[in-house]
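Engineer: What would the 3D arrangement of this be:
(2 chains)
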Amino acid sequence: MDLQQLSYLVVGLTFALYLGIAVWARAGSTREFYVAGAHVHPIANGMATAADWMSAASFISMAGMIAFMGYGGSVFLMGWTGGYVILAMLVAPYLRKYGKFTVPEFIGDRYYSQAARAVAVLCLIICSVTYVIGQMKGVGVAFSRFLEVDYDTGLQIGMLIVLFYAVLGGMKGITYTQIAQYCVLILAYTIPAIFISLQLTGNPIPQLGLGSSLAGSDVFLLDKLDQVVTELGFREYTTDVRLSGLNMFAFTLSLMIGTAGLPHVIIRFFTVPSVQAARYSAGWALVFIAILYTTAPAVAGMARLNFAQTLEPVPGKYLSIDERPQWFRNWETTGLLAFEDSNEDGYIRYHADPALNEMTVVDRDIMVLANPEIARLPNWVIALVAAGGLAAALSTAAGLLLAISSAISHDLLKGIFMPLISERQELFASRLAMAAAVLGAGYLGLHPPGFAAGTVALAFGLAASSIFPALMMGIFSRRVTREGAIAGMISGIGITLFYVFQHKGIMFIPGTDFLGNSRANWFFGIEPNAFGVVGALVNFLVSFLVSRFSAAPPREVQEMIENIRLPAGSSVAQVRDS
Amino acid sequence: MAQLTNEQANTYWRRNITLVIKLLIIWFIVSYGCGILLVDTLNQIQIGGYKLGFWFAQQGSIYVFIVLVFYYARRMAALDREFDVDQN
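Structural biologist: So this is what the prediction gives:
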């Protein structure tokens, strides 16, 4: 069986499995649709959260980004795991105690205001749609390689598949499919990593392999990597700081607090039976995530080494055009890898200096998918990676779509505009909202504002600047008022969007940026992807200021705050009143 | 189901916050401290092929995060029992 047939087989089998589960666990009620009936075991929920969380950005894109950023790529590793510490201690237990369906619902109740709820819905839609665009980029890359078509066609096919299965299942179907998807994606990620680690260092554990010496020599892999990339004119891998220490700090913090403010992650904790289960569930989710996140740096380092050594097999001698390997030709079809022999010597010169470089396109998002081919692993491993990438993209896209659709149907329609709507109509409306969200995000995904992981990082910045502060102040302060929260959310997300759009284009449409995306125009040298933390600061400041000058929250709200702080039962004051 | 006096509820909350602050200090030190602010200094130390600062940024901090979350869940489970606010 050749690679193409094998890929179809493996991807086909995994898809049949997901669809089977989605049909079997079809949601009948809104409670099942939104929170899977709140009966999911913490370990199962941890696994589903991990699959929900680890998207195309983590699976397909992140290691590729790190491969080309070196030490600077650590912002993704720390940011996307450290957020779970905040989530477990500062968010998940209290929102689980609150115990309703959506994040805007909490904000609406805590800030005793339908307007606050509507603003939260708006923020949620902005960050979730940005996030889905990132997924769509990943889906497009995976399908274009898998079906050997160009990127745009791959994206459109991916859209249809995401749509079909997210609309059907709701949260119940999504939770159980996500468990299956976690298993597929983690095997697909670790198996090639183990092979490559064995090949390069003789150590089967990638986390140790990255710190080992190369097989048959006593040179450490990382030292060799530093040497190879500096010879090609790039900066040293292990010390390559991302712009500046301040920028890395801001970037990491944005990703962390964004994690704790992303609705599609938070609603996962509404599906477990108790507050205690919510705390443990965050821990299990982090364990399952860490398996991939500690493997990723090894994948990155080894992929970079293999890639550099393919293009420059012997120091000073580059890859000849006639001898370029099959994987190289395959990726040329997608348009995501390209070269131009500008000095017409028959060799592909690869160098950090654009004047010397002949590799005109090296899309970082292809590295993980191409990695097993570059390392000449058996075909079934390559097929498995394609299936894993698709699983990662699908599971997250489904979770995001659910968050978007529940915000529209449950918060906007049922909560604000049409309170008398029946459960059936609400389910129908949420499926309709999902379809609209996929089409919109797919359209914007034709011109993504960056690599998948970069685009997703923007979504985190937006969540960090809007929803996270509103949740924090809602739980930890009794004094922050309706007026404060609304003003805070609007100014936080407003300033972040303004900063992002002025450098990346309005709604990321090319040509609409008005300041250009260059470091000289950045505020304190902080790149747009890392700006969420500044937006969050603005949000906190505005909220506290405005709250000082508005009337304190009413008594019932103060009691609600007391109530969510206790895992069960209530304090006496509240019982007396009710 | 327990009914706490206001005072008990406040004590419970204060002890939760104290624990959270302690754990977040560790969280900050391993990631922002060892992984970013002190990375150059720690990189002077080499463990196997890893420079120590680089290791904290790409491996070590993540392992510590896991320990922190489980430690918090366990300590809070004990606290919930002490105040009789666990849901079982």
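Engineer: Which residues are in contact with the residue sitting nearest the centre point of chain B?
Structural biologist: Chain B has B:Leu23 as the residue nearest its centroid, 3.0 Å off, counting by C-alpha atoms, centre = their mean. Counting by C-beta atoms under 8 Å, 6 or more residues apart in numbering or on different chains, B:Leu23 touches A:Val85, A:Met89, B:Leu68, B:Tyr71, B:Tyr72. (Each C-beta comes from the backbone N, C-alpha and C, glycine too.)
Engineer: Could you count how many residues lie near the second one?
Structural biologist: By other C-beta atoms under 10 Å in any protein chain shown, the residues close to A:Met89 number 26.
Engineer: ok, then the element right after the lowest-mean-pLDDT helix or strand in chain B?
Structural biologist: Within chain B, confidence by mean pLDDT, DSSP states H and E is lowest for strand B:3-4 among all helices and strands, at a mean of 80. Later in the chain than strand B:3-4, the nearest helix or strand by DSSP states H and E is helix B:6-28.
Engineer: Can you give me the buried ones in that following helix?
Structural biologist: Across helix B:6-28, burial judged by 16 or more other C-beta atoms under 10 Å in any protein chain shown covers B:Gln8, B:Ala9, B:Tyr12, B:Asn16, B:Leu19, B:Val20, B:Leu23, B:Leu24, B:Ile26, B:Trp27.
Engineer: before we move on, what about stretch A:3-19?
Structural biologist: Buried positions in stretch A:3-19, judged by neighbour count with 16+ other C-beta under 10 Å: A:Leu3, A:Leu6, A:Ser7, A:Val10, A:Val11, A:Thr14, A:Phe15, A:Leu17, A:Tyr18, A:Leu19.
Engineer: cool, stretch A:338-346 as well?
Structural biologist: A:Phe339.
Engineer: End to end on that stretch, go ahead and measure it.
Structural biologist: End-to-end distance for stretch A:338-346: 15 Å, by C-alpha to C-alpha, to the nearest Å.
Engineer: Likewise for stretch A:344-355?
Structural biologist: Note: stretch A:344-355 ends 14 Å apart using C-alpha to C-alpha.
Engineer: Identify the residues contacting it?
Structural biologist: A:232-234, A:308, A:311-312, A:317-322, A:324, A:339, A:341, A:343, A:356-359.
Engineer: Please compute how far that stretch lies from its chain's middle.
Structural biologist: How far stretch A:344-355 lies from its chain's middle: 34 Å, per C-alpha atoms, centre = their mean, to the nearest Å.
Engineer: returning to that earlier point: how about a markdown table for the buried residues of stretch A:3-19, with secondary structure, distance to chain B and pLDDT added?
Structural biologist: Putting the buried residues of stretch A:3-19 into a markdown table (DSSP: H, G, I helix; E, B strand; the rest coil; distance: C-beta to the nearest C-beta, whole Å; pLDDT from 0 to 100) gives the following:
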| residue | secondary structure | distance to chain B | pLDDT |
| --- | --- | --- | --- |
| A:Leu3 | helix | 32 | 76 |
| A:Leu6 | helix | 33 | 86 |
| A:Ser7 | helix | 31 | 83 |
| A:Val10 | helix | 29 | 88 |
| A:Val11 | helix | 30 | 85 |
| A:Thr14 | helix | 27 | 88 |
| A:Phe15 | helix | 31 | 83 |
| A:Leu17 | helix | 29 | 87 |
| A:Tyr18 | helix | 28 | 82 |
| A:Leu19 | helix | 33 | 78 |
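Engineer: Out of the residues you listed, which comes closest to A:Arg329?
Structural biologist: Comparing the buried residues of stretch A:3-19 against A:Arg329 with C-beta to C-beta places A:Leu3 closest, at 12.7 Å.
Engineer: between the contacts of B:Leu23, which is nearest B:Leu52?
Structural biologist: B:Leu68 (19.9 Å).
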